[in-house]
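S.K.: Pasting the sequence and the predicted model now:
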Number of protein chains: 2
Amino acid sequence: MNFRARKTAASRAAKAAGADGLLVTHRPDLRYLCGFTGSNAALVLAGGKSVLFTDGRYTVQAKSEAAGTRVVIAKKPVMTAACEWIVEAGIQRCGFDAAVTTVATLEAMRKAVPAKVRRGLFLALESPVSRLRQVKDADEIRKMRAAAKLGCSLFDDMLGYLQPGLTEIDVASTLEHRARLAGAEAMSFPTIVASGERSALPHGHASMAKLPRRGFVTMDFGVVLDGYMSDMTRTIHLGKAQPEERDVYDAVLEAQEAGVAMVAPGVTAGEIDEAARSVLRRAGLDRWFTHSTGHGVGLEIHEGPRLAAKQTQKLEEGMVITVEPGVYMPGQFGIRIEDMVLVTSRGYEILTPSIKAWIEL
Amino acid sequence: MNFRARKTAASRAAKAAGADGLLVTHRPDLRYLCGFTGSNAALVLAGGKSVLFTDGRYTVQAKSEAAGTRVVIAKKPVMTAACEWIVEAGIQRCGFDAAVTTVATLEAMRKAVPAKVRRGLFLALESPVSRLRQVKDADEIRKMRAAAKLGCSLFDDMLGYLQPGLTEIDVASTLEHRARLAGAEAMSFPTIVASGERSALPHGHASMAKLPRRGFVTMDFGVVLDGYMSDMTRTIHLGKAQPEERDVYDAVLEAQEAGVAMVAPGVTAGEIDEAARSVLRRAGLDRWFTHSTGHGVGLEIHEGPRLAAKQTQKLEEGMVITVEPGVYMPGQFGIRIEDMVLVTSRGYEILTPSIKAWIEL
């Protein structure tokens, strides 16, 4: 693991924003920077030093997981201990992530330090660590590849299970059961199984509705392996389809492949969105494509970049994004196809190579 | 549902804190106050009026779920629309929950209103709605009873499944699979199955470890039904136990029952904790009881009150709390027993009546 390099990069980002120290409390950020996976912890980075504050429940775990980081088991609230250390260490401007720190927590941070240093000590930053996490290093890519691969094998496996009359919840919970038995730590999010008319709900949670004899089934799911999340969607058809269903499927697939084909370093997030959206526009289906085209994924299921209209952020080598256009026709049917895509030096690599061609079961 | 009464109570709480309006964005709070379950929404209460702002994805859902509340489908960011309305409505001091509002969100709120009204418009409050939610009304108690009952039936069912050699993950995911098939919307939290030496981990996630031929198995789990969460823990023994194992079990059970027996309106949270803890102290086991005795539960798995040493908050009729002492002897074994308990006018009612007597399978 590259904890040292990651901590150095985080300190550098804080410094560039005018901070000589950085207070980190968001759980995925802590895992990323020092390996610690417990709750209730605060990591302070300053002047090449790093100290992880946590509580007595994590004495053994913190020393083992955060081996390269000094661990302090705080007797007082973790945030108080961290803030006192920030003052003792002589930090003048300590950055924190405004996007994950509550107003109440900031108030507690201020109360934990003497009034004479309080003013200006804490500096609100815009997700300094989450931004770094958008670009995955080799170790992360290896883990994400493994998570994506498990997702694919589950989908392939479920093709043999799907049949009319099963409830969506049966399908979702069977998939989740198999995922756990195959080693998944958890699911990335509650599994979506939306069938028949319900496939027109972009985020239809699995319900007691039964899979139809004729109609679509959309499955959107992901597994967590070693902390990293996969995310993929496939839509298959049960029974013989109407020509229109097949046409819309082909258009969504073309849109998805157009979005993926555009992925490369330097391309903007908005251009990926437009590549997919314009295919659906030409097919007269864009009014039914009601969400954005994708998002980054990693230690969290939704990370940056956001692949939506007009987003000017440029893709960088090492980012892992989803490309997931969909068409949702209320009262009729819906289709979504989603891959996880790694941005490579020359273009892209699809991490979820399960079949996307039309499937009629 | 008592949405009107709940909204009135929330407005009254805000008023008592010096606010003539209240901005609510926390999802469980929104569900509680108006029934809306989607993400990305803001509810404003002021002068007997209530307006729910959300986005186009929720047009149908918001109008159906939040039937008694005016719904505005915002074209701009939901928070911007809500804040502009706050200004138009002439609210002078708008309360918000500092415990769930990030520093970045507060900044966005401030930017959404004209500079001349910005100063003093937003007033940080301490969980005004979560506090109300601690006391459940009849409708909530009915739902929590149903969730707790489903939890119990799953535990009873799993007694016929447990056997040496199964992995903890197999047990956890089988339980979760059965929960979903029985109608649970989701689990309240990732199911804990900790066996053998691992039972000494207070929150040991299910692992690939195999259930031992002789040793404890702790199962801590909950289901979500209609948004409300259950939470219960039982520890059973596989194979013939050592006398010491049985002795410790009896002490934990006595502690748990002593904690429960003390539950009544007017008793402090700290007194419940002490009732349980003192039993373990007399047995010389309190050094291994390393967490607090319990917590409130409802639309969230961890709510107030917190049942820990010296907590002075008094229990009130209608609160639903857990009572869950445990003993964890590293390298040996651990035992935890947990019930959900409703505070009644005269005392208490156990919502999770599954067997707590010693079980040797």
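M.R.: Thanks, I have the structure now. Numbers count the residues shown, from 1 in each chain, chains lettered A, B, ... in the order given.

S.K.: What ranges in the stretch 151-300 of chain A fall below the confidence cut-off?
M.R.: Low-confidence segments of the stretch 151-300 of chain A, defined by pLDDT under 70, are absent.

S.K.: Look up how far A:A148 lies from the most centrally placed residue in chain A.
M.R.: Note on chain A: the residue nearest the mean C-alpha position is A:I301, at 2.3 Å, using Cα atoms, centre = their mean. According to Cβ to Cβ, to the nearest Å, A:I301 stands 13 Å off from A:A148. Quick note: C-beta positions are derived from backbone N, CA and C, even for glycine.

S.K.: for A:P325, same thing?
M.R.: 19 Å.

S.K.: these two touch, right, A:Y328 and A:H203?
M.R.: No - at 10.1 Å, A:Y328 and A:H203 do not qualify as touching, with contact defined as Cβ atoms under 8 Å.

S.K.: Domain map for chain A?
M.R.: A:3-132, A:138-350 (automatic domain parsing).

S.K.: Rebuild these as CSV, extending it with distance to chain B.
M.R.: CSV is the format used below for the domains of chain A (distance: least, Cβ to the nearest Cβ, whole Å):
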stretch, distance to chain B
domain A:3-132, 4
domain A:138-350, 4
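
S.K.: can you tell which of these is closest to B:S188?
M.R.: domain A:138-350 (12.8 Å; Cβ to Cβ).

S.K.: Quote the end-to-end distance of the closest one.
M.R.: 16 Å (Cα to Cα, to the nearest Å).

S.K.: re earlier: ok, A:Y328 and A:H203, which is more surrounded?
M.R.: A:Y328 (21 against 14; other Cβ atoms under 10 Å in any protein chain shown).

S.K.: State the phi and psi torsions of the more buried one.
M.R.: For A:Y328, the backbone dihedrals (degrees, to the nearest 10) come out as phi -130, psi 110.

S.K.: residue contacts, it?
M.R.: By Cβ atoms under 8 Å, 6 or more residues apart in numbering or on different chains, the residues touching A:Y328 are A:199-202, A:288-290, A:334.

S.K.: Which strand residues bridge it?
M.R.: A:G334 (DSSP bridges).

S.K.: Identify all contacting residues around stretch A:2-17.
M.R.: A:20-22, A:24, A:32-35, A:45-46, A:48, A:50, A:68-69, A:95, A:123, A:125, A:128-129, A:131-132, A:137, A:139.

S.K.: Pull out the buried positions in it.
M.R.: Applying a neighbour-count criterion of 16 or more other Cβ atoms under 10 Å in any protein chain shown, the buried positions in stretch A:2-17 are A:3, A:6-7, A:9-11, A:13-14.

S.K.: Could you do stretch A:215-225 as well?
M.R.: In stretch A:215-225, counting by 16+ other Cβ under 10 Å, buried: A:215-225.

S.K.: which of the contacts of stretch A:2-17 count as buried?
M.R.: Buried among the contacts of stretch A:2-17 by 16+ other Cβ under 10 Å: A:20-22, A:24, A:32-35, A:45-46, A:50, A:69, A:95, A:123, A:125, A:128-129, A:131-132, A:137.

S.K.: thinking again about what came up before, could you verify my assumption that the residue nearest to the centre of chain A touches A:F189?
M.R.: Yes - using Cβ under 8 Å, A:I301 is in contact with A:F189, at 5.3 Å.

S.K.: okay, and the common contacts of these two?
M.R.: Common neighbours of A:I301 and A:F189 (Cβ under 8 Å, 6+ apart) are A:222, A:231.

S.K.: related to what we said a few turns ago, filter the contacts of stretch A:2-17 down to the ones in strands?
M.R.: A:21-22, A:24, A:45-46, A:50, A:95, A:123, A:125 (DSSP state E).

S.K.: After the lengthiest helix in chain A, heading C-terminal, what element do we hit next?
M.R.: In chain A, taking DSSP state H as the definition, the longest helix is helix A:138-158. On the C-terminal side of helix A:138-158, the closest following helix or strand by DSSP states H and E is helix A:168-181.

S.K.: can I have that next one written out in PDB, keeping just the CAs?
M.R.: What follows is helix A:168-181, C-alpha atoms only, in PDB (Å, rounded to 0.1, in the frame of the first residue of the first chain):
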ATOM      1  CA  GLU A 168     -37.700  -9.100  -7.500                       C
ATOM      2  CA  ILE A 169     -36.800  -9.400  -3.900                       C
ATOM      3  CA  ASP A 170     -36.000 -13.100  -4.400                       C
ATOM      4  CA  VAL A 171     -33.700 -12.300  -7.200                       C
ATOM      5  CA  ALA A 172     -32.000  -9.500  -5.300                       C
ATOM      6  CA  SER A 173     -31.500 -11.400  -2.100                       C
ATOM      7  CA  THR A 174     -30.400 -14.500  -3.900                       C
ATOM      8  CA  LEU A 175     -27.800 -12.400  -5.800                       C
ATOM      9  CA  GLU A 176     -26.700 -10.800  -2.500                       C
ATOM     10  CA  HIS A 177     -26.500 -14.200  -0.700                       C
ATOM     11  CA  ARG A 178     -24.300 -15.600  -3.500                       C
ATOM     12  CA  ALA A 179     -22.200 -12.500  -3.400                       C
ATOM     13  CA  ARG A 180     -21.500 -12.900   0.300                       C
ATOM     14  CA  LEU A 181     -20.700 -16.600  -0.100                       C
END
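
S.K.: Helices of chain A, start to end?
M.R.: Under DSSP H, chain A gives helices at A:3-16, A:27-34, A:59-65, A:78-88, A:103-111, A:115-118, A:128-133, A:138-158, A:168-181, A:243-261, A:269-282.

S.K.: tell me the most buried of the ones you listed?
M.R.: Most buried of those by mean neighbour count (mean count of other Cβ atoms under 10 Å in any protein chain shown) is helix A:27-34; its value is a mean of 23.

S.K.: Any stretches of the stretch 1-150 of chain A with poor pLDDT?
M.R.: A:1.

S.K.: for the helices of chain A, which one sits closest to A:R234?
M.R.: helix A:138-158 (5.8 Å).

S.K.: and that closest one, how far from the chain's centre?
M.R.: 14 Å (Cα atoms, centre = their mean, to the nearest Å).

S.K.: before we move on, back to that, for the residue nearest to the centre of chain A, what are its contacts?
M.R.: Counting by Cβ under 8 Å, 6+ apart, A:I301 has contacts A:188-189, A:222, A:229, A:231.

S.K.: State the distance from it to A:T191.
M.R.: For A:I301 relative to A:T191 (Cβ to Cβ), the value is 12 Å.

S.K.: just A:R57 next, same as before
M.R.: Applying Cβ to Cβ to A:R57 and A:T191 gives a distance of 31 Å.

S.K.: Check A:S173 too.
M.R.: Taking Cβ to Cβ, one finds A:S173 at 8 Å from A:T191.

S.K.: Find the residues that touch each one of these two.
M.R.: With Cβ under 8 Å, 6+ apart, A:S173 and A:T191 have common neighbours A:A206.

S.K.: Can you give the contact residues for stretch A:350-359?
M.R.: By Cβ under 8 Å, 6+ apart, stretch A:350-359 touches A:144-145, A:148-149, A:151-152, A:155-156, A:159, A:230, A:232, A:234, A:236-237, A:246, A:249-250, A:253, A:256-257, A:260, A:320, A:337-342.

S.K.: Any idea how far apart the tips of it sit?
M.R.: Using Cα to Cα, the distance between the terminal residues of stretch A:350-359 is 20 Å.

S.K.: Quick check: buried residues in it?
M.R.: In stretch A:350-359, counting by 16+ other Cβ under 10 Å, buried: A:350-352, A:354, A:356.

S.K.: Including pLDDT, could those residues go into a markdown table?
M.R.: Putting those into a markdown table (pLDDT from 0 to 100) gives the following:
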| residue | pLDDT |
| --- | --- |
| A:I350 | 98 |
| A:L351 | 98 |
| A:T352 | 98 |
| A:S354 | 97 |
| A:K356 | 97 |
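
S.K.: Near the nearest residue to A:Q256 once chain neighbours are set aside, how many other residues are there?
M.R.: Take A:Q256 and drop its neighbours on the chain: the residue closest to it by Cβ to Cβ, 6 or more residues apart in numbering or on different chains is A:I337, 4.5 Å away. A:I337 has 24 neighbouring residues, counting by other Cβ under 10 Å.
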